[in-house]
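**Q** Any chance you can model this:
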Amino acid sequence: MNELLTGIAPPIPITDIKIFLQSNGKLRAFAAVVLADSFKINGLKVIEGKNGIFVAMPSRKSQDGTFQDIAHPINSHARAYLERRVLRAYWNEAGEEGAGPRPLLADDSAGIEGREGGEFTQSDIE
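**A** You can find the predicted model right below:
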């Protein structure tokens, strides 16, 4: 889409995603993404939350016990794009062994907004 028409700049293309399956409580996988064949972000997490599966950004624990994102999308359009791509890669890697609701399968260029908290379930696309 054209930025002049939508007011939203297209996200940087994700050119590679690696999924590392886990079986540690609610943690389903770690993920690493490469943006535009130029910038790699490690430490994304695929987590099974109370409202469905979602992608948590890489973070670190501060001295006061709170978690702060190290890297994260700065708008909902980029966040939805990143989450769709990571969740699709997760389900491809997990196959039928993965538990929980299926991710969005819409075209990556579509401007679908996720619900608050970045969680997607099958009902989001029905």
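**Q** Strands of this protein, start to end?
**A** For the chain, the strands defined by DSSP state E cover 14-24, 27-35, 39-49, 52-56, 59-61, 67-69, 119-120.
**Q** Same list, the ones you listed, but as JSON lines with mean pLDDT please.
**A** Output for the strands of the chain, formatted as JSON lines (pLDDT from 0 to 100):
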{"stretch": "strand 14-24", "mean pLDDT": "94"}
{"stretch": "strand 27-35", "mean pLDDT": "96"}
{"stretch": "strand 39-49", "mean pLDDT": "95"}
{"stretch": "strand 52-56", "mean pLDDT": "93"}
{"stretch": "strand 59-61", "mean pLDDT": "92"}
{"stretch": "strand 67-69", "mean pLDDT": "90"}
{"stretch": "strand 119-120", "mean pLDDT": "40"}
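**Q** Let me have these in a markdown table, extended by mean neighbour count and distance to R84.
**A** The C-beta positions use only the backbone N, C-alpha and C, and glycine is treated the same way. Shown next, in a markdown table, are those (neighbours: other C-beta atoms under 10 Å; distance: least, C-beta to C-beta, whole Å):
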| stretch | mean neighbour count | distance to R84 |
| --- | --- | --- |
| strand 14-24 | 14 | 10 |
| strand 27-35 | 19 | 12 |
| strand 39-49 | 17 | 12 |
| strand 52-56 | 21 | 9 |
| strand 59-61 | 11 | 21 |
| strand 67-69 | 11 | 19 |
| strand 119-120 | 21 | 8 |
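**Q** Compare those strands and report which one is nearest to R79.
**A** Among the strands of the chain, the nearest to R79 by C-beta to C-beta is strand 52-56 (8.6 Å).
**Q** rewinding a little: among the strands of the chain, which is nearest E93?
**A** With C-beta to C-beta as the measure, strand 14-24 is the member of the strands of the chain nearest E93 (4.1 Å).
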